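Novice: Requesting a structural model of the entry that follows:
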Amino acid sequence: MVNQTYTADVLVVGGGTGGTAAAIQAARRGAKTILVSEFPWLGGMLTSAGVSVPDGNELEAFQTGLWGAFLQELRERQPGGLDNSWVSFFSYAPRIGAEIFADWVQELPNLHWISGQVPMEVYRQGDSITGVRFTDFAVTAQITLDGTELGDLLALGEIPYRWGWELQSEWGEPSAPVTFNSLTQRYPVQAPTYVVIMQDFGEAMSTTGVAAAPEIPAAPNYDPSQFTGAWDDYGAETFLNYGRLPGGLFMINWPICGNDYGEGVGRLIESDVTRGEFIQESHWHSQNFAHFIQNQLGRRYGLAEKVFPHTSTAFALHPYYRESRRLVGLTTVREQDILPIAGGRVASIFNDAFALGVCEAIAVGNYANDHHYPGVQFSLQPKSIRWGGRWTGTPFTIPYSCLIPATTDGFLVCEKNISVSHIANGATRLQPVVMGIGQAAGMAAAICVELNCQPRDLPVKTLQTALLEDNRSKAAIIPLFNLPPNHSDWLHWQLYYLNNPQAYPASGDCDCSSGNEYPDSTFGKALIRESNCFKGIFYRLDQQEYRFTVTAPAAYQGQNWQLVTLRSHIDEQLRAYPHEQLVTLWGRQNHFGNWLLVEHLNGG
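Specialist: Now for the predicted structure:
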């Protein structure tokens, strides 16, 4: 029974990565906003789902908007820094991420957050969504945003959506199957993972001879053969360091004979009962993997303590969902839209609106297209390049129209539920991209309230300009490798390519000078202050592969490290530096990746 009805300008349902970003941005723009979340932590994939080792948008030029602000807060709040794992440049305690989002929400008096609630009914008037009912209250709003993990409002509101694979005949995607087959039937969407955090309890033995870590019991359906060989190609230490967190913790989110779980994944959208069954099984599967790890590597490793705010403190609050229901929008992001253009290092910034000469970009991503199906190697068209001494992904953009339902008003999506193909979802689902989508959706909703218009009638240029000029967290919408957000001409070049999209360079480098900017950069100085000075010999192993033999300080003498960078002017310097010459570097060593993250470089 509805005991109370709230009224808002903007309602965001779901407190995940995109929903949290959307609510914060809508409220910062001035809209009266209500955010309703299922869980007591905000942030979704980045916090409550336990994936606090995020991928993508790692280059300095792509650290913009709320994503860049989140990283800056992490740098200030995470003791010991973020260089803890080898799969990501950013590794932190989930609790600290949740505290950042909670603080951002609490500082906004026009943002009301209600937790512990799931949507029960979507209100409609004709073709327009007008609000949502929860267990004992309802919210009516001018614009409603679906930020749920699985696109639940799409189903409740009878808004057309997709679930499952599209064939190659649908859009001509090169990696799509020609016919439906056993893979498409068994795994209609990518497999989720129920993240579990393990802990290194140390080698000390008690007086009874029992290892420090409590025994991890096997859960139902334990079958050790499912996990045999999980880290054979890596070694146990490298396996553990994949998702290492501060304080001797390890994020277990491992795709190779690990804890990805996709058996009967279609149950997630059949009913509440079947969803609960799947979640329980995926939880057991991760517990069994942790049990297997402890059996193989010893009682030094056990379940972590006091990580998440519930009784099973080592297990995330919910699974890490890689795919959800996907909106049928005004346009759809396809594989072609995320692949590099011929002879280039970037995807096109046009989409289906190309015939109109319109660039609809409102968010940026750069991750490789990555699909998870347990026990299956699924090949996709490559979209990776070498940059900064390492592999990264070619950047692409998200168009505004893929957030807008084809036939429904008063509504936007802001999560993995955008209008995207199953194939392209493998790149658009990553945390930084979803945060950018959420920021754009929240900004769009607030401006729609200001202009009293529907999302489909909002001029995209108005939205793009608002994102670029936001006074708190300006967000890049045109990906340019050599245009960091602190560059004095950053806004000029973003607007230039937005207004002249045909001039967008295939190299992804804009025609701007960068080197002379950095000595006076506050952001750059802050990074250098966090760094240490090293001297040694520079070796060029390949065009984008560098090694460094340390000569000083003495504690590291003779060690060989890979040199990597996230900064464009350092990338330029590394590409030009002479082979086998002395060099002085300022950077941060990552022992677990065996690299030096270079922030500043001088000649020998």
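Novice: residue ranges for the helices of the stretch 351-500 of the chain, please.
Specialist: Taking DSSP state H, counting those that start in this stretch, the helices of the stretch 351-500 of the chain run over residues 425-428, 431-451, 460-468, 490-499.
Novice: swap in the chain?
Specialist: With helices called from DSSP state H, the chain shows them at 17-28, 65-77, 94-106, 152-156, 168-171, 182-186, 236-241, 272-297, 425-428, 431-451, 460-468, 490-499, 522-529, 568-576.
Novice: that older thread, out of the helices of the stretch 351-500 of the chain, indicate the one that is most buried.
Specialist: Mean neighbours per residue, mean count of other Cβ atoms under 10 Å, is largest over these for helix 431-451, with a mean of 28. Just so you know, the C-beta spots here come from the backbone N, C-alpha and C atoms, and that holds for glycine as well.
Novice: Now do that one and helix 460-468, the angle between them.
Specialist: 120 degrees (axes from the mean of the first three to the mean of the last three Cα atoms, to 10 degrees).
Novice: thinking again about what came up before, please dump the helices of the stretch 351-500 of the chain into a markdown table; it should also carry distance to D152 and mean pLDDT for every row.
Specialist: Listed next are these as a markdown table, based on distance: least, Cβ to Cβ, whole Å; pLDDT from 0 to 100:
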| stretch | distance to D152 | mean pLDDT |
| --- | --- | --- |
| helix 425-428 | 17 | 98 |
| helix 431-451 | 16 | 98 |
| helix 460-468 | 25 | 98 |
| helix 490-499 | 34 | 96 |
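Novice: Please identify which of those helices is closest to G587.
Specialist: Ranking the helices of the stretch 351-500 of the chain by distance to G587, with Cβ to Cβ as the measure, places helix 431-451 first at 22.5 Å.
Novice: Can I get stretch 149-165 as CSV, trimmed to CA atoms?
Specialist: Extracted in CSV, the C-alpha atoms of stretch 149-165 (Å, rounded to 0.1, in the frame of the first residue of the first chain):
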residue,chain,number,x,y,z
GLU,A,149,21.6,-3.3,-12.7
LEU,A,150,19.4,-5.3,-15.0
GLY,A,151,17.1,-2.8,-16.6
ASP,A,152,14.2,-3.6,-14.4
LEU,A,153,12.2,-0.4,-15.2
LEU,A,154,12.3,-1.4,-18.9
ALA,A,155,10.3,-4.5,-18.1
LEU,A,156,8.0,-3.0,-15.5
GLY,A,157,7.2,0.0,-17.8
GLU,A,158,6.7,-2.2,-20.9
ILE,A,159,9.4,-0.2,-22.7
PRO,A,160,10.8,-2.2,-25.6
TYR,A,161,14.2,-3.9,-24.9
ARG,A,162,16.6,-6.5,-26.2
TRP,A,163,18.0,-9.5,-24.3
GLY,A,164,20.4,-11.9,-26.0
TRP,A,165,22.4,-12.0,-29.2
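Novice: Closest to the centroid, which residue in the chain?
Specialist: Centroid-nearest residue in the chain, with Cα atoms, centre = their mean: Q431, separated by 1.4 Å.
Novice: Hmm, it is touching D55, no?
Specialist: Yes. Using Cβ atoms under 8 Å, Q431 is in contact with D55, at 7.2 Å.
Novice: just to revisit the earlier point, want to try TSV for the helices of the chain, with distance to W86 as columns?
Specialist: Formatted as TSV, these follow (distance: least, Cβ to Cβ, whole Å):
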stretch	distance to W86
helix 17-28	23
helix 65-77	18
helix 94-106	19
helix 152-156	35
helix 168-171	35
helix 182-186	30
helix 236-241	6
helix 272-297	18
helix 425-428	21
helix 431-451	18
helix 460-468	33
helix 490-499	31
helix 522-529	20
helix 568-576	20
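Novice: Out of those helices, the one nearest I537 is which?
Specialist: Here helix 568-576 is closest among these (Cβ to Cβ), at 14.0 Å.
Novice: In that closest one, which of the residues would be classed as buried?
Specialist: Buried residues in helix 568-576, defined by neighbour count with 16 or more other Cβ atoms under 10 Å: S568, H569, I570, D571, E572, Q573, L574.
Novice: wait, the fourth one sits on W387?
Specialist: Yes. Here D571 reaches W387: they are 6.4 Å apart, a contact under Cβ under 8 Å.
Novice: between the two, what contacts are shared?
Specialist: Common contacts of D571 and W387, defined by Cβ atoms under 8 Å, 6 or more residues apart in numbering, comprise F481.
Novice: Can you say which of the helices of the chain is nearest to Y373?
Specialist: Among the helices of the chain, helix 182-186 comes nearest to Y373, with 6.6 Å by Cβ to Cβ.
Novice: burial count for the residue nearest to G164 when sequence neighbours are not counted?
Specialist: Leaving aside its chain neighbours, G164 sits nearest to P188 (4.0 Å; criterion: Cβ to Cβ, 6 or more residues apart in numbering). Other residues within reach of P188, judged by other Cβ atoms under 10 Å, total 17.
Novice: ok, P188 to V333 distance?
Specialist: Plainly put, P188 is 19 Å away from V333 if you go by Cβ to Cβ, to the nearest Å.
Novice: give me the low-pLDDT residue ranges for the chain?
Specialist: Applying pLDDT under 70 to the chain picks out residues 203-211, 352-356, 513-530, 604.
Novice: let's see 80
Specialist: Within the chain, the ranges that satisfy pLDDT under 80 run 1-2, 203-211, 311, 351-357, 513-531, 603-604.
Novice: Surely T392 and K383 touch.
Specialist: No. Using Cβ under 8 Å as the test, T392 is too far from K383 to be in contact (10.1 Å).
Novice: list residues touching both of those two?
Specialist: Counting by Cβ under 8 Å, 6+ apart, nothing touches both T392 and K383.
Novice: Double-check M198 against L303; I have them as touching.
Specialist: Yes. M198 is within contact range of L303, at 6.4 Å (criterion: Cβ under 8 Å).
Novice: which residues in the stretch 501-604 of the chain form strands?
Specialist: 532-542, 545-552, 560-564, 581-590, 595-603 (DSSP state E, counting those that start in this stretch).
Novice: and if you look at the stretch 51-200 of the chain?
Specialist: Counting by DSSP E, counting those that start in this stretch, the strands of the stretch 51-200 of the chain are 111-115, 121-125, 128-133, 137-146, 161-162, 196-200.
Novice: List of residues touching the third one?
Specialist: Looking back up the chat, that one is strand 128-133. Taking Cβ under 8 Å, 6+ apart as the rule, strand 128-133 contacts 2, 11, 13, 36, 119-124, 138-141, 144, 153, 156-157, 159, 408-411.
Novice: mind listing what's buried in it?
Specialist: Neighbour-count burial for strand 128-133, counted by 16+ other Cβ under 10 Å, picks out I129, T130, G131, V132, R133.
Novice: What residues are bridge-paired with the third one?
Specialist: When assigned by DSSP bridges, G131 has beta-bridge partners Y123, T140.
Novice: do you know how far it is from G410?
Specialist: The separation that G131 has from G410, given Cβ to Cβ, amounts to 9 Å.
Novice: Are there residues contacting both of the two? Which ones?
Specialist: Common contacts of G131 and G410, defined by Cβ under 8 Å, 6+ apart, comprise A141, T144.
Novice: picking up where we left off before, using CSV, lay out the strands of the stretch 51-200 of the chain together with distance to C512.
Specialist: CSV is the format used below for those (distance: least, Cβ to Cβ, whole Å):
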stretch, distance to C512
strand 111-115, 37
strand 121-125, 47
strand 128-133, 43
strand 137-146, 35
strand 161-162, 40
strand 196-200, 43
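Novice: Many thanks, I have nothing further to ask.
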